[in-house]
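Novice: Next come a sequence and a model predicted from it.
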Amino acid sequence: MAYNLTQKIIKEHLLEGEMIPGNEIGIKIDQTLTQDSTGTMAYLQLEAMEIDKVKTKKSVAYIDHNMLQQGFENADDHKYIQTVAHKHGVYFSRPGNGICHQVHLERFGVPGETLLGSDSHTPTGGGIGMLAIGAGGLDVAVAMGGGTYYITMPKVVNVKLTGKLRPFVTAKDIILEVLRVMSVKGGVGKVVEYTGEGVSTLSVPERATITNMGAELGATTSIFQSDDVTHSFLKAQGREEVWKELKADADATYDEMITINLDELEPLVAMPHSPDNVEKVANVKGLKVNQVCIGSCTNSSFLDMMKVAKILKGNTVHPDVSLVIAPGSKQVLNMLAENGALADMIAAGARILESGCGPCIGMGQAPATDAITIRTFNRNFKGRCGTVSAGAYLLSPETAAVSALKGELTDPTTCKTNIDVIMPEKFFVNDNMVVPPAEDGSKVEVIKGPNIKPFPLNKELEDSVKGKILIIVEDNITTDHIMPSNAKLLPFRSNIPHLANFCLTPCDEEFPARAKQNGGGFIIGGDNYGQGSSREHAALVPLYLGVKAVLVKSFARIHKANLINSGILPLTFANINDYDNIELNDELIMENVIQQVKAGKVIVHNKSKNTDYELNVELSQKELSIILAGGRINYLKNTL
Ligand code: MIC
Ligand code: SF4
């Protein structure tokens, strides 16, 4: 039988289930990664599971998100993660070493292995042929403990790349085109596998830009073959020995097919406020720009930075523009410093930021009121940059750099500079910012400062569930809406009670107070509810506020898994028109819940309107047990 690459890797890691799309499968996880903003919860959960030493081939804890030390909170989190990692067999990537996905690709990723990361952009690893999946912290903690990871066997979409990119048309434009075609919910339940002659024209960092931003499709992950290009990249990283060739069988089949002709692709831009709101740069050119941000896990490689430096060299950033640049890793920054490219950037007026997420997650550099900010990042949800009235546009480093000089959105293909960059035969390798775990963890003391509060635990599912509708939200609500993250809130990722005061406030300022007043209740949502980040805070905080069930038209994958792990019932309307017949403060009652949930359908009575709704309960057998137990931790305790 012929297999595509996704199926091959799944088959090699399959522990439970049948590889039929839609079926639940359990796979073995080889590697994990965490970052600091989701990591504290993941390690608190690892500790709660009483696991002494991780059982993966490699687990790495990165510090890259929560980097503005305005108070003791970040520093507390970092200290906790460093000590808990040291104790439990996890490598620790110190602040300054770079963004988790960039560093992992450079230093740790292995073609053909599975990687589970507590960050939605973990699929970056697909750029070197890993099956790399984003998940909530608890799922990652379970995987660190050697537990099986459960997913729905995905459909596989084949994106066939033909031709070759023209100068100034980039990998970012490829993924923006895929987003234009598939939309932010088009990838749910699917893996996107890239093939075709265009693949061999793309370097590993370019492939990683594409798989990284595949997260915005809602896809389980995205993947490229491991070939000569991958070999050269790993060789240049001094890691040739981990390379192996991997590709789909010649007669492999796919569930869907999209073809993109790279010869014809043009520079693209995602307009506010969604990554799939894609336009040609040529159609929006001339837009006055106030801020330009270059970096993030999508576009901060050595290759990207060199192209930017070449465009900036000998020029000056437009007087009305603030240009900030954050190289993705210490490796990248070091190489730019050594070859003079950093000096070119600084001379042109770029403001150099440390290697981390920075403005991408609103950690500083919030734009001015009503400002236009153009970014090489992957998300432009309203308010994510820190300024609700700002308009954020997503585009390539080339478009960003050319526009920073002009002061307006500019089609980069009009630029005459030669920006050819040859991939280095040897990257600068120095892993001195990675602390290996202790030989004997039993002697290591884990330090928990006062910012680190316990996480909430649910109770067994009750047979009668009632409460009020606390909020009704529209389609495509992101976890940035549910649990906003910015410079003010990110330091409190280990403090659920504090975060609770901000839950869903971008949609309704009154939500936290209403939830507290009513002792909890229900959330009503539209399609693709919970897209975006993997942060399980978007489930833990509603749990803390007493939310019992979330009733929506459809869910995004990771958020649904996080709700289940928290023991919150994820329900979908059998008849989506019912969504229109519900009002804020309506009182809902579900009786005989346990039996109904087991049967896969729940009748919800709306007491205020004296009407009934039918809701689907789409859970695997295992998820059902987790929901009945009141969440994953209770389930694990019961099964041990
Ligand atoms: C993001 O890009 O939204 C984040 C911040 O990296 C999140 C993780 C988090 O919320 O901490 C993600 O992508 O999962
Ligand atoms: Fe960090 Fe932004 Fe990447 Fe999330 S998307 S990991 S915040 S750089």
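Specialist: The structure has been received and is ready for your questions. Ligands and ions are numbered 1, 2, ... in the order given.
Novice: burial count for residue 159?
Specialist: Other residues lying near residue 159 total 26 when counted by other Cβ atoms under 10 Å. (Each C-beta comes from the backbone N, C-alpha and C, glycine too.)
Novice: Now do the same for it: helix, strand or coil?
Specialist: strand (DSSP: H, G, I helix; E, B strand; the rest coil).
Novice: Tell me if I'm right that it and residue 254 touch.
Specialist: No: with contact defined as Cβ atoms under 8 Å, residue 159 does not reach residue 254; the gap is 9.4 Å.
Novice: quick one: buried residues of stretch 537-547?
Specialist: Buried residues in stretch 537-547, counted by 16 or more other Cβ atoms under 10 Å: 537-545, 547.
Novice: so how far does stretch 160-179 reach from one end to the other?
Specialist: 15 Å (Cα to Cα, to the nearest Å).
Novice: tell me the mean pLDDT for that stretch?
Specialist: Averaging pLDDT along stretch 160-179 gives 98.
Novice: close to ligand 2, is that stretch?
Specialist: No: for stretch 160-179 and ligand 2, the contact criterion (Cβ under 6 Å from any ligand atom) is not met; the two come no nearer than 13.1 Å.
Novice: For the residue in the stretch 101-250 of the chain that ligand 2 sits nearest to, which residues are in contact?
Specialist: Closest residue of the stretch 101-250 of the chain to ligand 2, Cβ to the nearest ligand atom: residue 121 (4.8 Å). Contact analysis of residue 121 by Cβ atoms under 8 Å, 6 or more residues apart in numbering lists 101, 134, 212-213, 215, 297-298, 378.
Novice: gap between the closest residue to ligand 1 within the stretch 301-450 of the chain and residue 602?
Specialist: Nearest residue of the stretch 301-450 of the chain to ligand 1: residue 361, at 4.5 Å (Cβ to the nearest ligand atom). Separation of residue 361 from residue 602 (Cβ to Cβ, to the nearest Å): 36 Å.
Novice: repeat for residue 165
Specialist: Look at residue 165 and residue 602: by Cβ to Cβ, they are 50 Å apart.
Novice: quick one: buried residues of stretch 606-624?
Specialist: Under the neighbour-count criterion of 16+ other Cβ under 10 Å, stretch 606-624 has 606, 613, 615, 617, 619-620, 622-624 buried.
Novice: should've said stretch 152-171
Specialist: For stretch 152-171, the neighbour count (16+ other Cβ under 10 Å) marks 152-161, 165, 168-171 as buried.
Novice: For this structure, what lies in contact range of ligand 1?
Specialist: Contact residues, the chain versus ligand 1 (Cβ under 6 Å from any ligand atom): 37-38, 65, 119-121, 134, 361, 485, 532-535.
Novice: pLDDT and secondary structure added to the buried residues of stretch 537-547, as a markdown table?
Specialist: As requested, the buried residues of stretch 537-547 are exported to a markdown table (pLDDT from 0 to 100; DSSP: H, G, I helix; E, B strand; the rest coil):
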| residue | pLDDT | secondary structure |
| --- | --- | --- |
| 537 | 98 | helix |
| 538 | 98 | helix |
| 539 | 98 | helix |
| 540 | 98 | helix |
| 541 | 98 | helix |
| 542 | 98 | helix |
| 543 | 98 | helix |
| 544 | 98 | helix |
| 545 | 98 | coil |
| 547 | 98 | strand |
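Novice: For residue 529, which non-adjacent residue is closest in space?
Specialist: Nearest residue to residue 529, sequence neighbours excluded (Cβ to Cβ, 6 or more residues apart in numbering): residue 552, at 4.2 Å.
Novice: Which one of the residues of the chain next to ligand 1 is nearest to residue 368?
Specialist: Taking Cβ to Cβ as the measure, residue 368 sits nearest to residue 361 out of these, at 18.9 Å.
Novice: Wait, that closest one touches residue 491, no?
Specialist: No: look at residue 361 against residue 491 with Cβ under 8 Å: they stay out of range, at 11.8 Å.
Novice: on that earlier part again, now, the residues of the chain next to ligand 1 that are in strands?
Specialist: The members of these that map onto strands under DSSP state E are residue 134.
Novice: Kindly report the residues of this structure close to ligand 2.
Specialist: Close to ligand 2, as judged by Cβ under 6 Å from any ligand atom, the chain has residues 65, 99, 119, 121, 296-297, 357, 360-361, 377-378.
Novice: Let's have those in CSV, adding pLDDT.
Specialist: CSV is the format used below for the residues of the chain next to ligand 2 (pLDDT from 0 to 100):
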residue, pLDDT
65, 97
99, 98
119, 98
121, 98
296, 98
297, 98
357, 98
360, 98
361, 96
377, 98
378, 98
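Novice: what about burial for the residues you listed, which qualify?
Specialist: 65, 99, 119, 121, 296-297, 357, 360-361, 377-378.
Novice: for these, which one is nearest residue 272?
Specialist: Comparing those against residue 272 with Cβ to Cβ places residue 377 closest, at 12.8 Å.
Novice: ok, for that closest one, nearest residue in space, not its chain neighbours?
Specialist: Nearest residue to residue 377, sequence neighbours excluded (Cβ to Cβ, 6+ apart): residue 296, at 4.1 Å.
Novice: Max pairwise distance over the contacts of residue 121: which two?
Specialist: Greatest spatial distance among these (Cβ to Cβ): 134 and 298, at 13.8 Å.
Novice: These two: who's more crowded?
Specialist: More crowded of residue 134 and residue 298, by other Cβ under 10 Å: residue 298, with 33 against 27.
Novice: Just say helix, strand or coil for that one.
Specialist: Here residue 298 is recorded as coil under three-state DSSP.
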